[in-house]
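Trainee: Mind looking at a prediction? Sequence and model below.
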Amino acid sequence: MRIRNFIALVALFSSTLHATEKNVIFIITDDESPTLGCYGDPVAKTPAIDAIAADGTVFLNAFATTASCSASRSVVMSGLHNHLNGQYGHQHSYHKFSSYYSVLPLALPRVMQGAGYRTGHIGKYHVAPEQVYRYETYFKASGRNAVEMAEQSKDFITAGSDKPFFLYFATSDPHRGGGKDETSELELKADLFGNKPNKGSHEGVEEVFYDPAELPIPHFLSDTPETREELAQYYQSVSRVDQGVARLVEILKEADLYDKTMIIFTADHGMAFAGGKTTVYEGGLRVPFVVRNPYEENRGVKHEGLISHIDITPSILDFAGGLNPKTNAPKKMVNAKDFFKGSEMQKDNLGPVIKAYHGKSWIPILGQPEAEHRETIFASHTFHEIQMYYPMRVVRDKEYKLIWNIAHDLPYPFASDLWAASSFQAQFQQSLDAPYGQKTVGEYIHRPEFEFYKIGEDPYEAKNLASDPNYREEMIRYQEKLKAFQKEMKDPWIMKWDYE
């Protein structure tokens, strides 16, 4: 009897430990490249994120699967590529893209609730349907003020529940928006990137202002006054996010929860400049990715392993103890057909039966900088805004990168805000021969069917080897890899190999 009581006591203690000491805050920003101090950026003022990185793991080769907001977030919240989760483009307004209802058994908020977590969401949502990606608690604040967002999250974080919490914290910074900088002396004026005009400040934020002359120019942009002014606005928005992260850390420490909470910081995709967002170039797909797991002994790690956004949901669920490593699916797997039985959704096509994540957990390798995670990553793009049809498929490893521009006969379509960007228009209005990053404006708009880069030696994607006979065999090998991936993912665009 005493042994039974002891076992019961241990089980109760273990359950309580899990409930109070395995919290998760997932921070995802909007249109941010790895412009952080912890990534070696020489000017970025991001002390809060840098401190988390110094006490955690910085993934140097982290990639979105698509550089479009809704499509990317559906991957983040499902652990599935768009080909199987069904969300190919924007969710809002007339775009009307949506994931399949059959994604529900794998959806991040649903599986975390199934693992015994309180689930909360603040900030940008931008996925559908809500029945699939449903959180228990939603709270509101300005997505342009991460400090306010942190304050509004405080009661949820410190609720004192016997359940652990999972907080999805999604800023609207550093996305474009808010008008133009009318103080600029340039004819083409910079977007404000959510900053207040005339160097105003968001409430509770000590805005950080940047000198355009001192900023580094990303390889996919041109060094012009217009680019520099826009980058100054962008960096200010990035620093505002960092202050919100700092306030979150303060709240955790005040509640004695900092060492009981895993913090993840990433972005949906790269910065909102032509050459970044909506492309499958490195500027669009490469994202910041910082993880502080309080239970990982080896800290301050710079990790070279390839990771993908498809790995996020299974990794978080793994930390929560809810992942079945044999099936790579939740231990408590809900049947979507049974869940929606008798509802309006049952009348719709629920979508394909999906039994496992495409991603895999990186929890075991956080403290192992030499460990590999993936040999190859895959990426895609089909739509951003619904009028922007331009399907692209990508296979990339540490040696080569292949891009298939399926609709290469079409001019590359621009997101409305990227087309209007002063950093692009300054070059476009000169001529199609004007330089833009590693290309000309004309080369950016009119793309070949295939782009093949020796990415290990050419990280800026400057030299397309697709027509070089010395690399033909290698390119064919990567084309076969891409076809195999499309077949596995049931990608409808695989048929384009046969007739286009």
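Mentor: Here it is on my side, so go on. Residues are numbered from 1 along each chain as shown.

Trainee: phi, psi of I307?
Mentor: phi -130, psi 160 (degrees, to the nearest 10).

Trainee: tell me the contacts of it?
Mentor: I307 makes contacts with 59, 61-63, 289, 362, 373-374, as judged by CB atoms under 8 Å, 6 or more residues apart in numbering. Using the backbone N, CA and C atoms, a C-beta is placed for each residue, glycine as well.

Trainee: in the sheet, who's paired with it?
Mentor: Here I307 sits in beta bridges with A62, as judged by DSSP bridges.

Trainee: From L60, how far out is it?
Mentor: From I307 over to L60 the distance is 10 Å, taken as CB to CB, to the nearest Å.

Trainee: Does A274 touch D417 like I think?
Mentor: No: in this structure, A274 is not within contact of D417 by CB atoms under 8 Å, at 10.1 Å.

Trainee: which one of the two has more residues nearby?
Mentor: Taking neighbours as other CB atoms under 10 Å, A274 and D417 compare with A274 leading, 27 against 15.

Trainee: Check whether that one sits in a helix, strand or coil.
Mentor: Secondary structure, DSSP: H, G, I helix; E, B strand; the rest coil: A274 is coil.

Trainee: Just give the closest residue to it, not the sequence neighbours.
Mentor: Excluding the flanking residues, the one nearest A274 by CB to CB, 6 or more residues apart in numbering is F424, at 4.4 Å.

Trainee: Do you know the pLDDT at that neighbour?
Mentor: Here the pLDDT value assigned to F424 is 98.

Trainee: my guess is it is in a helix, correct?
Mentor: Yes: assessed with three-state DSSP, F424 lies in a helix.

Trainee: Can you report how many residues lie near it?
Mentor: 24.

Trainee: just K463 next, same as before
Mentor: Neighbours around K463, by other CB under 10 Å: 12.

Trainee: Repeat that for Y357.
Mentor: There are 24 residues near Y357, going by other CB under 10 Å.

Trainee: try G179
Mentor: Using other CB under 10 Å: G179 sits among 12 other residues.

Trainee: next one: E230
Mentor: Around E230 there are 31 residues (other CB under 10 Å).

Trainee: Was I right to think it contacts A190?
Mentor: Yes: using CB under 8 Å, E230 is in contact with A190, at 4.4 Å.

Trainee: shared neighbours, those two?
Mentor: Common neighbours of E230 and A190 (CB under 8 Å, 6+ apart) are 422-423.

Trainee: how far out from the middle of the chain is the helix ranked longest in the chain?
Mentor: Scanning the chain for the helix with the most residues, using DSSP state H, yields helix 225-254. From the chain centre to the centre of helix 225-254 is a distance of 17 Å (CA atoms, centre = their mean, to the nearest Å).

Trainee: got the buried residues for it?
Mentor: 225-249, 251-252 (16 or more other CB atoms under 10 Å).

Trainee: Just to be sure, W404 is in a strand?
Mentor: Yes: per three-state DSSP, W404 lies within a strand segment.

Trainee: doesn't Y390 make contact with it?
Mentor: No: here W404 does not reach Y390: they are 11.6 Å apart, not a contact under CB under 8 Å.

Trainee: So for the two, which sits in the more crowded spot?
Mentor: W404 (25 against 20).

Trainee: now the more buried one: how far from F414?
Mentor: 20 Å.

Trainee: again, but for Q425
Mentor: 11 Å.

Trainee: out of those two, which sits in the busier spot?
Mentor: F414 (20 against 15).

Trainee: right, and the secondary structure at the more buried one would be what?
Mentor: Under three-state DSSP, F414 comes out as coil.

Trainee: Might one say that it is in contact with A272?
Mentor: No: judged on CB under 8 Å, F414 makes no contact with A272 at a distance of 11.5 Å.

Trainee: who's in contact with the most centrally placed residue in the chain?
Mentor: When the chain is reduced to its mean C-alpha position, the nearest residue by CA atoms, centre = their mean turns out to be D268, at 2.6 Å. Neighbour list for D268: 28-31, 64, 69, 72-73, 76, 287 [criterion: CB under 8 Å, 6+ apart].

Trainee: 6 Å instead?
Mentor: D268 is in contact with 28, 69, 72-73, counting by CB atoms under 6 Å, 6 or more residues apart in numbering.

Trainee: What separation do you get for it and A420?
Mentor: From D268 over to A420 (counting by CB to CB), the distance is 21 Å.

Trainee: buried set for the helix or strand harbouring M112?
Mentor: Counting by DSSP states H and E, the element that carries M112 is helix 108-114. Across helix 108-114, burial judged by 16+ other CB under 10 Å covers 108-114.

Trainee: do the same with stretch 338-354
Mentor: Per 16+ other CB under 10 Å, stretch 338-354 contains these buried residues: 339-340, 345, 350-351, 354.

Trainee: so of these, which ones are in helices?
Mentor: Checked against DSSP H, the buried residues of stretch 338-354 include these in helices: F339.

Trainee: For H358, see how far away the residue lying closest to R110 once chain neighbours are set aside is.
Mentor: Computed as CB to CB, 6+ apart, the closest residue to R110 that is not its neighbour in sequence is L104, at 5.8 Å. Separation of L104 from H358 (CB to CB): 16 Å.

Trainee: same deal with H83?
Mentor: Distance of H83 to H358, given as CB to CB: 9 Å.

Trainee: residue boundaries of the strands in the stretch 101-250 of the chain?
Mentor: Secondary structure of the stretch 101-250 of the chain (DSSP state E, counting those that start in this stretch): strands at 118-123, 137-139, 165-170.

Trainee: can you check the stretch 351-500 of the chain too?
Mentor: Using DSSP E, counting those that start in this stretch, strands in the stretch 351-500 of the chain cover 377-381, 392-396, 401-405, 435-436, 439-440, 450-453.

Trainee: With distance to A146 as new columns, can the ones you listed be given to me in a markdown table?
Mentor: Putting the strands of the stretch 351-500 of the chain into a markdown table (distance: least, CB to CB, whole Å) gives the following:
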| stretch | distance to A146 |
| --- | --- |
| strand 377-381 | 27 |
| strand 392-396 | 31 |
| strand 401-405 | 33 |
| strand 435-436 | 32 |
| strand 439-440 | 34 |
| strand 450-453 | 35 |
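
Trainee: Columns distance to R144 and mean pLDDT on top of those, output as TSV?
Mentor: As requested, the strands of the stretch 351-500 of the chain are arranged in TSV below (distance: least, CB to CB, whole Å; pLDDT from 0 to 100):
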stretch	distance to R144	mean pLDDT
strand 377-381	26	95
strand 392-396	30	97
strand 401-405	33	98
strand 435-436	29	97
strand 439-440	32	97
strand 450-453	36	98
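
Trainee: Of those, which is nearest T278?
Mentor: strand 377-381 (6.9 Å; CB to CB).

Trainee: Quick check: buried residues in the closest one?
Mentor: Those would be 377-381, for strand 377-381 by 16+ other CB under 10 Å.

Trainee: distance between it and the chain's centre?
Mentor: That offset, for strand 377-381, works out to 13 Å (CA atoms, centre = their mean).

Trainee: What is it packed up against?
Mentor: Judged by 3 or more CB pairs under 6 Å, 6 or more residues apart in numbering; DSSP states H and E, strand 377-381 is in contact with strand 392-396.

Trainee: What segments of the stretch 151-300 of the chain are helices?
Mentor: 225-254, 282-285 (DSSP state H, counting those that start in this stretch).

Trainee: again, but for the stretch 1-150 of the chain
Mentor: Secondary structure of the stretch 1-150 of the chain (DSSP H, counting those that start in this stretch): helices at 2-21, 47-54, 69-76, 82-85, 108-114, 146-157.
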